[in-house]
Every structure is written in C-alpha cells, then in structure tokens.
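Peer 1: coordinates only, sequence not included:
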C-alpha cells in the first residue's frame, strides 16, 4: 500500500534500532534505570506490539502505554447509558464495532443485541445517518465515541442531518480530548516519563501548538508520530536526540499527513456543534475536568442524552481490575490478577482487554506476557 | 480507534455534496470531502489526490514531498548506523 509499505523496510528498521541503542548508551540508560517513553495513542501501542518493536530495541528503553484509546477509557457507566437507550422500543442503536464488547455493569452492547436490541455495527457516522433516512419510523442513535480525530466526522454528520431536516437521528456523545488528560498524567506525582510519542491523527486535527506546554512547562520532548514501524522508530530517535542534546521541543515526524497547523475546516465544524463538557469520567483515570465535549444549545435536538432523559451515574470499575495502574504505566498488564484468567479478549472484564489498541489485549495477543513473565521469574530466582 | 488509512480519490461523485469515491488498497467506498475542501482547494482538485481516510471522511491530503523527505531522513539514520557498526566491528586486528 502506497505511503505504508515504504515505512516497513526491515533493514532500515534494524539500522534505526542500532542508532537508538547508541543514543540510549549515550544517555546512560540501563535495564534497571531505563528511559521511559509514553506512546499516547492506542494505535501506536498496537503497532509497537504488532511489529515487535520492543523486541528490536534494548531493554534500556521502556514504553509506557498511554490513555489514547477511547474504547479503553470508556467507563462502565457510559456503556450502561448505551444499553438504556438500545433496549428502548423503536430504537436502532448504531456504533463503531470497537465499542460492542466493552462491558458495562449490566453487560455489553453485543449482549444487548443477543437479547433482542437492534444494535448495528457501522463503519462511519454517515452510515448511521443513512439508517435514519431509510427508517423514518425509527429513532436512530449513534454512539459518538472517540478523540479529536473522530469529532469532525460526527459534527459534520449532524450538520448534514440538520441540512436535510432529518429529526429521527441523535448522538450519544462520548467524545474526549487528549490535552487535559496529558496534563493530568504529567501532574500525577507517581508518574515518571522522559518523553512522549505524540498521537498522529489527533494532531492532524488539533495541530502541534496545543502540546506546547509539555515542552515549556514540564520540560519533556514530544514527537508526533505516524503509525508504521519506521515512523515509530524514527520518532523515538527524534525524542532521544532531543534528550541527548538536552532540548525539549514539540516536533512532527508525521508531516506527510499532519500539517503543524492541523485542520482548520475540521475544527470549525467541531466548534459549531460542540462545547466543552465540565467533567468527563475516564475508566481507570477517574474524573478529569474539561476533558470532553457535549452538544451546544443550538444542537440540543440531536442530543440523545436529552432525547432519552439519560442521567449518567458513575459506576466503579470491578474491584480486581487494575486498568488504572496499567493506563498510567504503574503496572504491566500481566501484573493484574485478572489478566488472562477472569479477563481475556473473549470475555473481557476491563476495557484494556477489549480493543486491539488496549495494552492488555496487545500483551495477550502478542504473547509478550510470556516473555515478561519468564523474565520476571528469572529475576526473582536470581535475587 | 483513531485509525486512518491512506487511499486515493478515484472519482468525484457529487461536487455539491462533497461526495467522492476512494480506493483503499483495492476497496472502494464513498468518502466525504468536507475536511479537505476550502476556497483554495475546490472538490475537483481532490481527484487523484492521496488522502488519509478515517470513518468515511477524507481527513487530510497526504503531502508527497513530506513523505519523500521523511524517507530520506530514515535512510540516512538507518544506513549510517549500519555503516558505523561496520567500521566499529571491522576485524583488522
């Protein structure tokens, strides 16, 4: 595939890995005292595991898998809201496939579908709007989930619905924003992060400017990265180069897709339809102020929360889940007592096991768990 | 979830409604052009363009010159590292 295959060359990857190893040596990083880099985006987490990048690199670098997977941070209470709407008569509930298996406190959308609710998996919010056009006697509700990358698509779909006069269409909005959450992570006294791999497709919309505070206030480098293996290795090389040269800047490795100014047309659509939500609950991370959006007053008619009188009530995560610690990089997935036992990709307990972008699912699928568990056992035996 | 894939616009179906057809690795589907069209970039200018496709929308035009520039840097770092290793490990003693 053009613009993908060129960034998967294995010889170059090995060359880059060598260059990174030299940088880590220059920085004095060791297995016991590694350089810790957080990849913010779940897409990057998936790519790191899928392409085995961690195996290619020395153990003196540690990846912290960030909160940038909207499915993984979807709180149980929000799934309950989805189910409350989906189970109503005369409703077609449309959602991206990713959200189907996320467990709420009373089951998932997939289980609701099994129980007779009309739940449809769609590729695009525009497909949900098509459902509304084709089913004028039904209420079609789309679950608008995702970060800034996805917000323009749902905003533009609502604008289209309004221009066509479609009234049997609404959105349950759970759009979240990455910047307040990055600040919350940086303010967490337990966190130790040396630098960031920044989310490529979020930045395609918001641009690089909003990350400025990470360099200026927190003195951490951030490099916006593409999603192919060479993109990630090059971004890592750029972060480490900043460390070696004692710089903290926001740089953009993914310039072929991401202009530094982002996408003004997309942002305008978002600003027209949505406003900042005072509070947003994130699974594992809790309540983060102003970390999401909701419909503004002008678009209240498309707000499923109002249409179906949904009053979100917080539900705690299952007691044995350690999703929060894993999300913050304080625990590895296999250190959670439920991992691979009560919680598997087939029957997930925590959301990190649901999405292929979740670090638990990635560890489980790519067997890193076995290597790390063996390694841990080896260390325990040696000490 | 923020997954985006490169595709090429192969037809402008409805310039007024900003609907086009995109080819993503052989799969064709309708795509909305709203995010890549403005007064300087009319719908017609999207034909044959490579774009980043996310949930049915073309979200960004892919910049060929920037892709080339990134690849050039990648080659430089990757090849330099291999060359350096060859120098350092050369068995002349």
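Peer 2: Right, received. Where do you want to start? Small disclaimer: the values here were computed from a predicted structure and weren't measured.

Peer 1: can you count the residues close to residue A:222?
Peer 2: Residue neighbour count, defined by other C-beta atoms under 10 Å in any protein chain shown, stands at 29 for residue A:222. (C-beta placed from N, C-alpha, C; glycine too.)

Peer 1: go ahead and confirm it touches residue A:210.
Peer 2: No: in this structure, residue A:222 sits apart from residue A:210 without contact. The criterion is C-beta atoms under 8 Å, and the distance is 10.6 Å.

Peer 1: give me the pLDDT value at residue A:6.
Peer 2: pLDDT for residue A:6: 86.

Peer 1: what sits against it?
Peer 2: Under the criterion of C-beta atoms under 8 Å, 6 or more residues apart in numbering or on different chains, the neighbours of residue A:6 are B:67, B:71.

Peer 1: any weak-confidence spans in chain A?
Peer 2: Within chain A, the stretches with pLDDT under 70 are A:367-383.

Peer 1: buried ones in stretch A:117-136?
Peer 2: If you call a residue buried by 16 or more other C-beta atoms under 10 Å in any protein chain shown, then stretch A:117-136 has these buried ones: A:117-120, A:122, A:124-129, A:131-132.

Peer 1: which one of the residues you listed is nearest chain B?
Peer 2: The shortest separation between chain B and any of the buried residues of stretch A:117-136 is 2.8 Å, and it belongs to residue A:124 (by C-beta to the nearest C-beta).

Peer 1: who in the stretch 1-150 of chain A is up against chain B?
Peer 2: If contact is defined as C-beta under 8 Å from any C-beta of the partner chain, the residues of the stretch 1-150 of chain A in contact with chain B are A:1-4, A:6-7, A:9, A:11-16, A:18-19, A:22, A:41-43, A:68-71, A:96, A:98, A:123-127, A:145-147, A:149-150.

Peer 1: can you flag the buried ones in these?
Peer 2: Applying 16+ other C-beta under 10 Å to the residues of the stretch 1-150 of chain A next to chain B, the neighbour count classes A:3, A:6-7, A:9, A:12-16, A:18-19, A:22, A:41-43, A:68-71, A:96, A:98, A:124-127, A:145-147, A:149-150 as buried.

Peer 1: take those residues and keep only those in strands.
Peer 2: In strands, defined here by DSSP state E, the members of those are A:41, A:68, A:145-146.

Peer 1: next, the distance between the ends of stretch A:88-107.
Peer 2: For stretch A:88-107, the separation between the terminal residues is 16 Å (C-alpha to C-alpha, to the nearest Å).

Peer 1: which positions within it qualify as buried?
Peer 2: Using 16+ other C-beta under 10 Å as the burial criterion, the residues of stretch A:88-107 that qualify are A:91-96, A:98-104.

Peer 1: now these in TSV, with distance to residue A:165?
Peer 2: Listed next are the buried residues of stretch A:88-107 as TSV, based on distance: C-beta to C-beta, whole Å:
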residue	distance to residue A:165
A:91	20
A:92	19
A:93	22
A:94	20
A:95	24
A:96	26
A:98	31
A:99	28
A:100	31
A:101	35
A:102	33
A:103	38
A:104	34
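
Peer 1: between the residues you listed, which sits nearest residue B:1?
Peer 2: residue A:98 (5.6 Å; C-beta to C-beta).

Peer 1: residue closest to the middle of chain A?
Peer 2: With distances taken as C-alpha atoms, centre = their mean, chain A has residue A:69 as the residue nearest its mean C-alpha position (1.6 Å).

Peer 1: from what I see, it and residue A:357 are in contact.
Peer 2: Yes: taking contacts as C-beta under 8 Å, residue A:69 lies within contact range of residue A:357: 4.2 Å.

Peer 1: what is in contact with these two at once?
Peer 2: The contact sets of residue A:69 and residue A:357 overlap at A:41-42, A:45, B:1 (C-beta under 8 Å, 6+ apart).

Peer 1: redo those residues as TSV? Include distance to residue A:351.
Peer 2: As requested, the shared contacts of residue A:69 and residue A:357 are arranged in TSV below (distance: C-beta to C-beta, whole Å):
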residue	distance to residue A:351
A:41	16
A:42	11
A:45	13
B:1	12
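
Peer 1: quickly check those residues for the two that are furthest apart.
Peer 2: Pairwise over these, using C-beta to C-beta, the maximum falls at A:45 and B:1, 11.3 Å.

Peer 1: so between the two, which is more surrounded?
Peer 2: Neighbours of residue A:45 and residue B:1, each counted by other C-beta under 10 Å, are more numerous for residue A:45; the result is 28 against 25.

Peer 1: can you pull the contacts of the closest residue to residue B:82 other than its chain neighbours?
Peer 2: Closest residue to residue B:82 in three dimensions, ignoring its sequence neighbours and counting by C-beta to C-beta, 6 or more residues apart in numbering or on different chains: residue A:15, at 4.7 Å. Under the criterion of C-beta under 8 Å, 6+ apart, the neighbours of residue A:15 are B:77-82.

Peer 1: neighbours of the nearest residue to residue A:301 once chain neighbours are set aside, how many?
Peer 2: The shortest distance from residue A:301 to any residue other than its chain neighbours is 7.1 Å, reached at residue A:167 (C-beta to C-beta, 6+ apart). Counted by other C-beta under 10 Å, the residues lying close to residue A:167 total 13.

Peer 1: what's the answer for residue A:353, then?
Peer 2: Neighbourhood size, residue A:353 [other C-beta under 10 Å]: 33.

Peer 1: so it makes contact with residue A:361?
Peer 2: Yes: using C-beta under 8 Å, residue A:353 is in contact with residue A:361, at 5.2 Å.

Peer 1: how about the residue nearest to the spatial centre of chain B, nearest residue that isn't a chain neighbour?
Peer 2: Chain B has residue B:62 as the residue nearest its centroid, 3.8 Å off, counting by C-alpha atoms, centre = their mean. The shortest distance from residue B:62 to any residue other than its chain neighbours is 4.2 Å, reached at residue B:50 (C-beta to C-beta, 6+ apart).

Peer 1: where's residue A:331, which helix or strand?
Peer 2: Remark: residue A:331 resides in no helix or strand, with elements defined by DSSP states H and E.

Peer 1: so it touches residue A:325, yeah?
Peer 2: Yes: using C-beta under 8 Å, residue A:331 makes contact with residue A:325 at a distance of 3.9 Å.
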